[in-house]
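Undergrad: Sequence plus the predicted model coming up.
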Amino acid sequence: DTGVSQDPRHKITKRGQNVTFRCDPISEHNRLYWYRQTLGQGPEFLTYFQNEAQLEKSRLLSDRFSAERPKGSFSTLEIQRTEQGDSAMYLCASSLALGPSLAKNIQYFGAGTRLSVL
Amino acid sequence: AQTVTQSQPEMSVQEAETVTLSCTYDTSESNYYLFWYKQPPSRQMILVIRQEAYKQQNATENRFSVNFQKAAKSFSLKISDSQLGDTAMYFCAFMPGGNFGNEKLTFGTGTRLTIIP
């Protein structure tokens, strides 16, 4: 178990540029989540996947945001035409969900990708 | 929609003392789960403790325990014999139960806890 890994750890970009983040979940986990955390706030849910299917998207996820999990393993989160308001920590989490048992519902988080839009 | 409120933005306590972090939530769900996550300065969130709403017994994990008051919708975290490594941001989080698949977490705004040597 190597944990959830995210790449890059930090990204600085200019307004209007596109950025892409990657998340590698814990290997046997079938669920993958993206959250956004701004300074002084708790993480806010963006979207999640069950294997390769994107099951839910938050209203926070504007049309400029797109997430994929093509083979049910790693996931990418792309932000097009970045704005200064996109500056935040983007957190990925994964879980093994086989049923409504609490033990299967624990989400394990990565260290995040900190995005700064200049 | 669920809301989670943490009314203590910052707390500090001497090493080896006991500290309690408060959390209240609002939901119309009857079945749900509550969590406390710790986020050290390195920023990776770690699960501290979890509670299933249908269980009346309060969860404990070593030095960490919760006081779960379902009727009052309160879920406080008690840290006993606090250690320097407990210094972190602590988030209370809610997850609805019921339908399989509805597993997004709703977080509070966090409490920054500092353990003083």
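TA: In hand now; what should we look at?
Undergrad: Show me the shaky parts of the chain.
TA: Just so you know, I chose chain A. Scanning chain A with the threshold set as pLDDT under 70 gives A:1, A:99-104.
Undergrad: sorry, should have said chain B
TA: Scanning chain B for pLDDT under 70 picks out B:98-102.
Undergrad: what's the residue closest to the geometric middle of the chain?
TA: Using chain A here. A:Trp34 (2.8 Å; Cα atoms, centre = their mean).
Undergrad: um, chain B though
TA: Taking Cα atoms, centre = their mean as the criterion, B:Trp36 is the residue nearest the geometric centre of chain B, at 2.9 Å.
Undergrad: Is that residue in contact with B:Ile49, as I believe?
TA: Yes: counting by Cβ atoms under 8 Å, B:Ile49 is a contact partner of B:Trp36 at 5.1 Å. Glycine gets a C-beta too; all of them are placed from N, C-alpha and C.
Undergrad: Could you pull out the residues contacting both of the two?
TA: Taking Cβ atoms under 8 Å, 6 or more residues apart in numbering or on different chains as the contact definition, B:Trp36 and B:Ile49 share the neighbouring residues B:64, B:66, B:77.
Undergrad: which residues pair with the last one across the strands?
TA: For B:Leu77, the beta-bridge assignment (DSSP bridges) gives partners B:Leu21, B:Val66.
Undergrad: what's the answer for A:Val19, then?
TA: A:Ile79.
Undergrad: hmm, back to that, helix or strand for the residue nearest to the centre of chain B, which one?
TA: Under DSSP states H and E, the secondary-structure element containing B:Trp36 is strand B:32-39.
Undergrad: Direction included, what does that strand pair up with?
TA: Strand pairing for strand B:32-39, using DSSP bridges, gives strand B:46-52 (antiparallel), strand B:88-96 (antiparallel).
Undergrad: so what's the residue nearest to the centre of chain B up against?
TA: Contact partners of B:Trp36, counting by Cβ under 8 Å, 6+ apart, are B:21, B:23, B:47-50, B:64, B:66, B:75, B:77, B:90-93.
Undergrad: Excluding chain neighbours, what is closest to it?
TA: With Cβ to Cβ, 6 or more residues apart in numbering or on different chains as the measure, B:Val48 is the residue that lies nearest to B:Trp36, at 4.3 Å, once sequence neighbours are left out.
Undergrad: what's the spacing between that neighbour and chain A?
TA: Using Cβ to the nearest Cβ, to the nearest Å, one obtains 11 Å as the distance from B:Val48 to chain A.
Undergrad: tally of neighbours for the residue of chain A found nearest chain B?
TA: As assessed by Cβ to the nearest Cβ, chain B sits closest to A:Gly42 within chain A, at 3.1 Å. The tally of other residues near A:Gly42 (other Cβ atoms under 10 Å in any protein chain shown) stands at 22.
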